[in-house]
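Engineer: The following comprises the amino acid sequence and a computationally predicted model.
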Amino acid sequence: MSIEEVKSSYDCVVIGAGHNGLVCAATLARSGRSVLVLEAAGQVGGAASTREFATGFRVSACAHLLHLMSADLMRELNLAGMGLEYAAVDMPTTALAAGQPPMVVSEDRLGSEGAAYVAYAARMRRFAAVLAPILAAVPPRLGTQRWKDRLALLGAGWRIRKLGRRDMRELLRIGGMNVHDLLQENFTSPVLQGALAADAVLGTNFGPRSPGTVLTLLYRLAAQASAGAALAQPKGGMGALCEALARSATAAGADIRVSTPAARIVVEQDRAAGVVLESGRSIAARTVISSADPKTTFLRLLGAHFLDAGFVRSVNHLRTRGLAAKLHLALDRAPRFTDLEPASLGGRLLVAPSLEHIEHAYNHAKYGEYSAAPLMEVTVPTVNDPCLAPPGRHVLSAVVQYAPYGLKEGWQHGRQRFTDLAIDTLEGYAPGLRASIIGVELLTPEDIERDFRITGGHWHHAELAFDQFFMVRPVPGAAQYLTPVDGLFLCGAGCHPGGGVMGAAGRNAAHQVLKQVS
Ligand SMILES: Cc1cc2nc3c(=O)[nH]c(=O)nc-3n(C[C@H](O)[C@H](O)[C@H](O)COP(=O)(O)OP(=O)(O)OC[C@H]3O[C@@H](n4cnc5c(N)ncnc54)[C@H](O)[C@@H]3O)c2cc1C
């Protein structure tokens, strides 16, 4: 069905068919709302889609590992019934370091650090379990007299209290710390420290010494606590997850249109009343829910003239400059990493050999330069899912940090040098890799901004930091998925609880819409 054939009026129009837009649409449609989803790109998925980057070679475009989406949400939307299959679950993490054997990060494989790791992992899991319910709910509002808001805050306090005196004190102590200091306290192995720190800084504008990095780590662990699987790889890449989400939404009655960019949000009598498409067609709606990033939603699709000056200033000041690039290699054979166990090649490989390595990599980015020795998260998805490449060939997919949006020398100059640097780094661990390359794609944050319509190309749409967090995310006046314009809601990664393929923002936003608009 083409866009000309869809109805001219819906209860809800969702802008963007990234995973959050699709979760939101499916949840609303299942509650009986008529829903239209508009996606600018030619396919669903946004930053969680699968695409061909060299003839016959496909890869998960940005997100390549599924580990944050709650098992409840996946069951609720019947994703297994909608065709979601896994190529791999419980994928191992292996830390690489020059001149040392690869280290499998697992309780029983860490030798003298094993006992410390068991205690650390158990403690962090307890803390994550306290935070997990916060991720799955609309954040309370600050300073209201409403009992619901007070109860939500009390609930969080009570869960912390229930940890008991020792854990409570420890959580409060480490909550504002940096991950460098936390890992120095707990471990002596630089390789293990680097591998654990990587999880705190991936996708952020932080190095291990940055304040708040224990919080970002706990946040990730909290989402993982309710996830359906530990590190997993959907069969067909991340896009297959979003196709299953789209089928779930469609089965519940939603209409989804790709290659249909929204040009502007229509406001009538001070409330959102629909959208105008780039084609010029208007679609009326009682509510408009945008999964586009906050700057795109407020400044481009809505327009600053509908907002007060202070609010516009806050949106303008949102920190949205991405630092994660994505490298995709088409290979004529499987890469051969020195001394790597065969099982590890189908898992996650980290190039983060010490805290100092990551901190130095980050230092460059502070001054608008790319890292001289980057941090990398590498997968070889074809080991688990050969269909992504022609027979016998392979794909390597790597997040490469730090690659700042707005590179000082400009990405038109820096692109080839940074690509070479990343490949040389990998060649050091997998000799012969360069000679096996038959296709290369590097997505810088500027490419991500252009291809996925994410301002700044940021992993979380807006930095996940204390001042852009929880009850003030993305900005005061637009938290709780509400906006200053009645009938306009947000549902993307820019909202609580942030990015990653979690779906919590989409689901929480749908619940807010259902509550606000009867
Ligand atoms: C390099 C990189 C690697 C990552 N790796 C991982 C990972 O391994 N695991 C993980 O969990 N997370 C990862 N992430 C984070 C994750 O990809 C994102 O946080 C998540 O996909 C955001 O989902 P979303 O639905 O909120 O937004 P998006 O995926 O950005 O979707 C928004 C959609 O809105 C559409 N849109 C925008 N404007 C319009 C318009 N005007 N009209 C119509 N449509 C519009 C866009 O085209 C897009 O499809 C990674 C991110 C990056 C950048």
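Structural biologist: Nice, I can see it. Predicted model, so just to flag it, every value in this text is computed and none were measured.
Engineer: make it CA atoms for all contacts and neighbour counts henceforth
Structural biologist: OK.
Engineer: Heading C-terminal from the least confident helix or strand in the chain by mean pLDDT, find the next helix or strand.
Structural biologist: When the helices and strands of the chain are scored by mean pLDDT, DSSP states H and E, helix 147-161 comes last with a mean of 82. Using DSSP states H and E, the helix or strand that follows helix 147-161 in sequence is helix 165-175.
Engineer: distance between the very next helix or strand once past that following helix and the chain's centre?
Structural biologist: Per DSSP H and E, the first helix or strand lying C-terminal to helix 165-175 is helix 179-186. With CA atoms, centre = their mean, to the nearest Å as the basis, helix 179-186 stands 25 Å off its chain's centre.
Engineer: and if you look at stretch 85-102?
Structural biologist: 20 Å.
Engineer: Pull the contacting residues for the closest residue to Asp332 other than its chain neighbours.
Structural biologist: Among residues not flanking Asp332 along the chain, Arg393 sits closest, at 4.7 Å (CA to CA, 6 or more residues apart in numbering). By CA atoms under 8 Å, 6 or more residues apart in numbering, the contact list for Arg393 reads Ala330, Leu331, Asp332, Arg333, Ala334.
Engineer: Now do the SS call for the fourth one.
Structural biologist: Three-state call for Arg333 (DSSP: H, G, I helix; E, B strand; the rest coil): coil.
Engineer: The first one now?
Structural biologist: Per three-state DSSP, the local secondary structure of Ala330 is strand.
Engineer: circling back: which of the residues in the least confident helix or strand of the chain are buried?
Structural biologist: In terms of neighbour count (16 or more other CA atoms under 10 Å), helix 147-161 has its buried residues at Asp149, Ala152, Leu153, Arg159, Ile160.
Engineer: can I get the residues you listed in TSV with distance to the ligand?
Structural biologist: Output for those, formatted as TSV (distance: CA to the nearest ligand atom, whole Å):
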residue	distance to the ligand
Asp149	25
Ala152	24
Leu153	25
Arg159	26
Ile160	26
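Engineer: ok, so of the contacts of Arg393, who is nearest Arg109?
Structural biologist: Distance to Arg109 across those (CA to CA) is lowest for Ala334, with 25.0 Å.
Engineer: which residues does the nearest residue to that closest one once chain neighbours are set aside contact?
Structural biologist: In space, not counting the residues next to it along the chain, Ala334 is nearest to His394; the distance is 5.7 Å by CA to CA, 6+ apart. Neighbouring residues of His394 by CA under 8 Å, 6+ apart: Phe57, Ala330, Leu331, Asp332, Arg333, Ala334, Val380, Pro381, Thr382, Val383, Pro386, Leu388.
Engineer: who's His394 bridged to?
Structural biologist: Beta-bridge partners for His394, by DSSP bridges, are Leu331.
Engineer: what does the model give it for pLDDT?
Structural biologist: Looking at His394, its pLDDT reads 98.
Engineer: Tell me the spacing between it and Leu331.
Structural biologist: According to CA to CA, to the nearest Å, His394 stands 5 Å off from Leu331.
Engineer: who wins for most neighbours among the contacts of His394?
Structural biologist: Neighbour counts for these were taken using other CA atoms under 10 Å; the highest belongs to Pro381, with 31 neighbours.
Engineer: you'd agree it is up against Arg348?
Structural biologist: No - taking CA atoms under 8 Å as the definition, Pro381 is not a contact partner of Arg348, at 9.6 Å.
Engineer: Which residue does the stretch 51-200 of the chain have closest to the ligand?
Structural biologist: Ala63 (3.2 Å; CA to the nearest ligand atom).
Engineer: I'd guessed that residue sits against Ala48; true?
Structural biologist: Yes - look at Ala63 against Ala48 with CA under 8 Å: they come within range, at 5.3 Å.
Engineer: residues shared between the contacts of these two?
Structural biologist: Common contacts of Ala63 and Ala48, defined by CA under 8 Å, 6+ apart, comprise Met238, Val501.
Engineer: in the stretch 51-200 of the chain, which spans are helices?
Structural biologist: Ranges of helices in the stretch 51-200 of the chain, per DSSP state H, counting those that start in this stretch, are 71-76, 114-135, 147-161, 165-175, 179-186, 190-201.
Engineer: so which of the ones you listed comes closest to Val475?
Structural biologist: Closest among the helices of the stretch 51-200 of the chain, using CA to CA: helix 114-135, at 17.1 Å.
Engineer: Identify the residues contacting that closest one?
Structural biologist: 107-108, 110, 156, 159-160, 163, 167, 171, 186-187, 218-219, 221-223, 225-226, 496-497, 504.
Engineer: Next, give phi and psi for the closest residue to Ala41 other than its chain neighbours.
Structural biologist: Spatial nearest neighbour of Ala41, chain neighbours left out: Ser259 (5.0 Å); criterion: CA to CA, 6+ apart. Main-chain torsions, Ser259, degrees, to the nearest 10: phi 50, psi 40.
Engineer: Then Leu277?
Structural biologist: The phi/psi pair for Leu277 (degrees, to the nearest 10) is phi -80, psi 160.
Engineer: most distant residue from the middle of this protein?
Structural biologist: Gln269 (35.8 Å; CA atoms, centre = their mean).
Engineer: And that residue, how close does it get to Phe298?
Structural biologist: 18 Å.
Engineer: Report the contact partners of the residue in the stretch 101-250 of the chain positioned nearest to the ligand.
Structural biologist: Nearest to the ligand in the stretch 101-250 of the chain, going by CA to the nearest ligand atom, is Gly203, at a distance of 6.6 Å. Listed by CA under 8 Å, 6+ apart, the contact set of Gly203 reads Gly322, Leu323, Ala324, His458, Trp459, His460.
Engineer: same deal with Leu84?
Structural biologist: Applying CA under 8 Å, 6+ apart to Leu84 gives the contacts Pro234, Lys235, Ala240, Leu241, Ala244.
Engineer: Nearest to Tyr370 among those?
Structural biologist: Nearest to Tyr370 among these is Pro234, at 30.9 Å by CA to CA.
Engineer: was I right about that closest one contacting Ala87?
Structural biologist: Yes - the criterion here is CA under 8 Å, and Pro234 meets it with Ala87 at 5.5 Å.
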